[in-house]
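Chemist: A structural model of the following input is requested.
(one chain, ligands or ions: 2)
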Amino acid sequence: MKIAVEKAPELNGQTVVPGDKSISHRAVMLGALADGITEVSGFLPGADCRSTVRAFRQLGVKIDEISSTRLRIHGVGVDGLKEAEDVLDVGNSGTTIRLLLGILAGQPFHTTLTGDASIRRRPMGRVTIPLRQMGAVIDGRGEGKYAPLSIRGGNLSAIRYETPMASAQVKSCILLAGLYAEGVTGVKEPTLTRDYTERMLRSFSVDVFQEDGYICVRGGSRLRATDVHVPGDISSAAFPLVAACLLEGSEILIENVGINSTRTGLIDALIKMGAEIRLENTRMLSGEVVADLWVKGTQLRAAEFGGDLIPRMIDEIPILAVAATQAEGRTVIRDAAELRVKESDRLHTITTELRKMGARIEELEDGLIIDGPTPLVGATCESYHDHRIGMALAVAGSVAEGTTVIRDCESVDVSFPGFCNTMNALGCKMKSLSE
Ligand SMILES: O=C(O)C1=C[C@@H](OP(=O)(O)O)[C@@H](O)[C@H](O)C1
Ligand SMILES: C=C(OP(=O)(O)O)C(=O)O
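Modeler: Ligands and ions are numbered 1, 2, ... in the order given. Below is the predicted model:
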């Protein structure tokens, strides 16, 4: 499927975006391991979270789909998973494979995991190294650096682990394995990353505590089922948010978005660039802070970004790069080398494709330099089967003169089913077409 985009006049109106991907994955995983029934509402029915549901069904968990966004999970308890009859295929989802490996490290049976071409290129050593230290037996391509991977778990010992990179997936993997280890398992990260695993474990009655700067769980803890209400995903809200910032005369409201402070880096970055954004109706939902995001189109100014802000907007850097093409001056983004190991090498792919549209953008080893404002022109672009790149380019196409075509956009369904319809209801001109 390709997306054809024409320049949009201005965006107006109210909208909602699909449920948070990180929270949806974790709700299925913790619900599966809990004692009792967990109901999930606001679940993201995107391909990645459907991969998590499929994997847990294969591991013997009954999951009823009351509707596409409401699940009832019949928890089997921490020790109730069953050996799967076949390979678990996580599709495109890094979160599924890395968090699941943590859980499987605690299971006294064998599992093989694989995924699509992108997953098979992504680094898994970052989780297989600590899991082996805990006692899991793992083999795989490149001696366990890449999927397909096979794992036989059980008899884990607790570790204290300092993650070499800021990664919520690595942190979460180790904490989940820690539920099965003898003793107290602790993780220290170089920079705070999204803390949903810690928060959700607590809401499932697990004691998660700080000790000597490590975030810790005790082996043998049990999970008590609880309902989870998933807020809208700020990483999806990022696309209408930036489109409205860039199109003069726009004014939109995106309702019910999760604004956990480990995720709001893009809002901070855009405000630093002069954007008019307000958080309204701030409230709590299932232990997470939620708000409506109001935004008005305005001329942005360039700014420099790096350090602790980067993990707080890690998936939003491609769309921030699009915003920077329209900002006055030179925007510099550093400390973002992790983008090279996402669904695509996002520093390279966004640079290559925005250049086709006339952007002045340069790739650094760990970031980007973007000069603006540059009038963009429509072009035929590649998404590299990367949902965030496809959607960032569709927003670029909405401010460009002429028609922009983005190829291989099926992947948009990974995190934002209904993307074109949501954007069009606000005033965008996007069409999905078969290739
Ligand atoms: O834990 C999570 O749900 C995620 C963590 C981040 O990945 P890393 O942990 O690899 O940085 C992020 O890019 C991904 O979209 C979701
Ligand atoms: C990197 C992403 O997800 P994952 O790591 O789960 O594939 C993303 O959604 O941008």
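
Chemist: would you mind measuring from the residue of the stretch 1-150 of the chain found nearest ligand 2 to Glu248?
Modeler: For the stretch 1-150 of the chain, the nearest residue to ligand 2 under the criterion CB to the nearest ligand atom is Gly94, separated by 2.7 Å. Heads up, the C-betas are built off the backbone N, CA and C, glycines and all. Counting by CB to CB, to the nearest Å, the separation of Gly94 from Glu248 is 37 Å.

Chemist: so for the two, which sits in the more crowded spot?
Modeler: Gly94 (20 against 12; other CB atoms under 10 Å).

Chemist: and the pLDDT for whatever residue of the stretch 301-435 of the chain ends up closest to ligand 2?
Modeler: Of all residues in the stretch 301-435 of the chain, the one sitting closest to ligand 2 is Asp315 (3.9 Å; CB to the nearest ligand atom). Among the per-residue scores, Asp315 holds a pLDDT of 98.

Chemist: for the residue nearest to it when sequence neighbours are not counted, the count of nearby residues, please.
Modeler: In space, and not counting its chain neighbours, Asp315 is closest to Ser235: 4.7 Å by CB to CB, 6 or more residues apart in numbering. Using other CB under 10 Å, Ser235 is surrounded by 25 other residues.

Chemist: how far does the one helix or strand Ser235 maps to sit from its chain's centre?
Modeler: If you go by DSSP states H and E, Ser235 is part of helix 234-246. Between the centre of helix 234-246 and the centre of its host chain there is 15 Å, according to CA atoms, centre = their mean, to the nearest Å.

Chemist: that helix packs against which elements?
Modeler: strand 251-258, helix 265-272, strand 276-285, strand 288-296, helix 317-325, helix 387-399, helix 419-426 (3 or more CB pairs under 8 Å, 6 or more residues apart in numbering; DSSP states H and E).

Chemist: what's the most buried one of the ones you listed?
Modeler: Using mean count of other CB atoms under 10 Å, the stretch among those with the largest mean neighbour count is helix 387-399, at a mean of 29.

Chemist: briefly note if that one comes near ligand 2.
Modeler: Yes. Applying CB under 6 Å from any ligand atom, one finds helix 387-399 in contact with ligand 2 at Arg388.

Chemist: tell me which residues are up against the following helix or strand past that helix.
Modeler: Next helix or strand after helix 387-399 toward the C-terminus (DSSP H and E): strand 404-407. Strand 404-407 is contacted from outside by 2-5, 357, 378-383, 390, 393-394, 396-397, 435, using CB atoms under 8 Å, 6 or more residues apart in numbering.

Chemist: for Val208, give me the pLDDT.
Modeler: Confidence score, pLDDT, at Val208: 98.

Chemist: and Ile267, by the same measure?
Modeler: 98.

Chemist: and the one 5 residues further on, by the same measure?
Modeler: According to the predicted model, the pLDDT of Lys272 comes to 98.

Chemist: measure the residue lying closest to it once chain neighbours are set aside to ligand 1 for me?
Modeler: Using CB to CB, 6+ apart and skipping the chain neighbours, the partner closest in space to Lys272 is Ala303 (4.8 Å). Distance of Ala303 to ligand 1, given as CB to the nearest ligand atom, to the nearest Å: 22 Å.

Chemist: picking up where we left off before, these two touch, right, the residue of the stretch 301-435 of the chain closest to ligand 2 and His387?
Modeler: No. Between Asp315 and His387 there is no contact under CB atoms under 8 Å: 9.5 Å.
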